[in-house]
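J.: Following is a predicted model, sequence given first.
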Amino acid sequence: MSDALIVIGRDGVITRADDSDRNSVDHFRRAGRLLELSPSQYLVPGLIDTHIHAPQWPQMGTALDLPLEKWLFEYTFKLEARYSDAEFARRVYDDLVTTLLANGTTTGVYYGSIHLPATKILAQVCLDKGQRALIGRVAMDDPKQCPDNYRDGSAAIAIDETREFIRFVRSMRGNEVRLIEPVITPRFIPACTDELLRGLGKLTGETGCAVQTHCSESDWEHAYVLERMGKSDATAIRDFGLMNRRTVLAHGCHTTVSDRALIRNQGAAISHCPLSNALGSNAVLPVKSCLEEGVHVCLGTDIAGGLRASMFDAVAMAATVSKLLEDGVDATKAADSRGRAGSGISCVTAFYLATTAGGVALDLPIGLLKPGYRFDALLIDTAVPDTNLRLYDFDKSVDILQKIIWNTERQNIKKVWVNGRLVKG
Ligand SMILES: [Zn+2]
């Protein structure tokens, strides 16, 4: 829309979004309640990052030359173990949430660590800073796949602490509108005993909580679950009672068509993390096929397995890797057998995954600037100093949209709102 008026209620819900009329504009201007965009400014929906490992923030950009299982043991678990220190957690989480809001992430779906106090701190930081967030206290108890210094003492402890975290978030003062929600979070099947997975499945049924876990991420993880469970990751997650309408399955690169039919039938979603997949998943999720199959797909950075914090980068990567999948990458192979025809998605589709589709995946009224939706939005300014985002007077609106999607950087994001509240700028 080129000349729109968006009206937001006190509860943060958009009540009107249509062509502006002079009477309404004058009314809001006189009341001092009108924000007018300059010709260089554009409003877009806030970005929804559906896969973030909050405690991994300090290792962004490191060690991704290692395969997943080595990366976990040699770097990640050692770092995550440090969150027994609440002060360390507060320092890191404060920086992380501030940074993500500055980059336009209005909703974050977070893994915390196994530490209940640190994960409560993450919830409080998101609430205080005004970021919409779904947060999970990570559960992982299998001595065969988790280090001694970073593992739940038993399945019962992990389940009890998950229950306590849910109670805490649901009764946080100031969280009456449920800006922050708890998520049941078994790290992934390899890290959890059957007893823990069953217990968390039961808790999911009792509490109606959203669930997040990893699913068929890499060759190693996919094969490990097949071997141990005698069935695919998606089927096992479903059978443990962990797949519901609000389950977010990270990656899914190695899911089969029948796995995805199961995911679709449950109304669950795959969080596509293209950069992380390219570096550590041995395959790229065929997003286009998933969408054609009717599966909910949303987008994630996978901090710190994905080593860029900006969802605009995740959008660019989603479009890029889909083209690589379509065309193939090995020029010694014949062109017609090099790739997977029809796999490419446009940058606009990728942007849809980061906004509207994120709202669908989480079953929340976010990701669109439309009446009835929450006002989670970014003000993009194309005329800030040092911008890489350049517009010309002959750009058509479709060109402008594409330029914004490919070239927005942190400095272009002048203001950020979540639930109607200004949280940046
Ligand atoms: Zn992950």
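T.: Sure, I can see it. Residues are numbered from 1 along each chain as shown.

J.: For the stretch 151-300 of the chain, just list every one of the helices.
T.: 155-170, 194-207, 219-229, 233-239, 257-266, 274-280, 287-293 (DSSP state H, counting those that start in this stretch).

J.: What is the fifth one packed up against?
T.: The elements that helix 257-266 packs onto, with contact taken as 3 or more Cβ pairs under 8 Å, 6 or more residues apart in numbering; DSSP states H and E, are helix 233-239, strand 269-272, helix 287-293. For glycine as for every other residue, the C-beta is placed from the backbone atoms N, C-alpha and C.

J.: So which of the helices of the stretch 151-300 of the chain is nearest the ion?
T.: Shortest separation from the ion across those is recorded for helix 274-280, at 7.1 Å, computed as Cβ to the ion.

J.: elements contacting that closest one?
T.: Partner elements for helix 274-280 (3+ Cβ pairs under 8 Å, 6+ apart): helix 311-327.

J.: packing partners for the helix it packs on?
T.: strand 47-53, helix 274-280, helix 287-293, strand 296-299, helix 347-354, helix 397-407.

J.: Could you tell me the least trusted of those?
T.: Note on the helices and strands packed on helix 311-327: lowest mean pLDDT is at helix 274-280, with a mean of 92.

J.: Out of the helices and strands in the chain, which is least certain?
T.: Least confident helix or strand, the chain: helix 68-71 with a mean of 80, by mean pLDDT, DSSP states H and E.

J.: which residues does residue 204 contact?
T.: By Cβ atoms under 8 Å, 6 or more residues apart in numbering, the contact list for residue 204 reads 184, 211, 241-242, 244.

J.: if we take those, which one ends up nearest to residue 106?
T.: residue 211 (21.8 Å; Cβ to Cβ).

J.: any idea how far the most centrally placed residue in the chain lies from the ion?
T.: For the chain, the residue nearest the mean C-alpha position is residue 50 (1.5 Å; Cα atoms, centre = their mean). Note on residue 50: its distance to the ion, by Cβ to the ion, to the nearest Å, is 11 Å.

J.: pretty sure that residue contacts residue 364?
T.: No. Here residue 50 does not reach residue 364: they are 11.1 Å apart, not a contact under Cβ atoms under 8 Å.

J.: Doesn't residue 93 belong to a helix?
T.: Yes. Applying DSSP: H, G, I helix; E, B strand; the rest coil, one finds residue 93 inside a helix.

J.: And for it, the neighbour number?
T.: When neighbours are counted by other Cβ atoms under 10 Å, residue 93 registers 25.

J.: ok, now residue 90?
T.: 16.

J.: Next: residue 386.
T.: Neighbour count of residue 386, defined by other Cβ under 10 Å: 7.

J.: got the contact list for the residue nearest to the centre of the chain?
T.: Counting by Cβ under 8 Å, 6+ apart, residue 50 has contacts 109, 248, 269, 271, 298-300, 358, 361-362.

J.: related to what we said a few turns ago, highest mean neighbour count out of the helices and strands packed on helix 257-266?
T.: strand 269-272 (a mean of 30; mean count of other Cβ atoms under 10 Å).

J.: That one - which strands sit beside it in the sheet, and in what orientation?
T.: Strand 269-272 pairs in its sheet with strand 247-251 (parallel), strand 296-299 (parallel), by DSSP bridges.

J.: So for residue 235, which of those strands sits nearest?
T.: When the strands paired with strand 269-272 are ranked by proximity to residue 235 (Cβ to Cβ), strand 247-251 comes first, at 12.1 Å.

J.: quick one: contacts of that closest one?
T.: Under the criterion Cβ under 8 Å, 6+ apart, residues 50-51, 109, 183, 210-218, 234, 237, 243, 263, 266, 268-273, 276-277, 281, 285, 298, 300, 302, 361-362 lie in contact with strand 247-251.

J.: swap in stretch 398-406?
T.: Stretch 398-406 is contacted from outside by 42, 44, 312, 315-316, 347-348, 350-351, 380, 382, 389-391, 395, using Cβ under 8 Å, 6+ apart.
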